[in-house]
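Asks: would you be able to build a 3D model of this:
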Amino acid sequence: MEAKQQRQVADASLYQAFRTAVEMSFRLQMDPDTTRKTFEQVLEDMLKERGKQG
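Replies: Below is the predicted model:
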């Protein structure tokens, strides 16, 4: 598989993972702002864990 195709597969996989997480937030009846803030917190935490402050 060429690099462009690999990137497309990776992008599609990430999109699907995020979609699943957002679907869960809807089932939990969370509002969009809370969902967004939670995503941002997870990203920030993981960047810190990897030593890359955002």
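
Asks: what residue ranges in this structure score low on pLDDT?
Replies: The chain contains residues with pLDDT under 70 at 53-54.

Asks: quick check: longest helix in this protein by residues?
Replies: helix 3-27 (DSSP state H).

Asks: quick check: buried residues in that one?
Replies: Using 16 or more other CB atoms under 10 Å as the test for burial, helix 3-27 gives Ser25. C-beta here means a position set from N, CA and C on the backbone, and glycine is covered the same way.

Asks: so what does it touch, helix or strand wise?
Replies: Other helices and strands packing on helix 3-27, by 3 or more CB pairs under 8 Å, 6 or more residues apart in numbering; DSSP states H and E, are helix 32-49.

Asks: buried residues in the helix it packs on, which are they?
Replies: Residues Thr35 are the ones in helix 32-49 that count as buried (16+ other CB under 10 Å).
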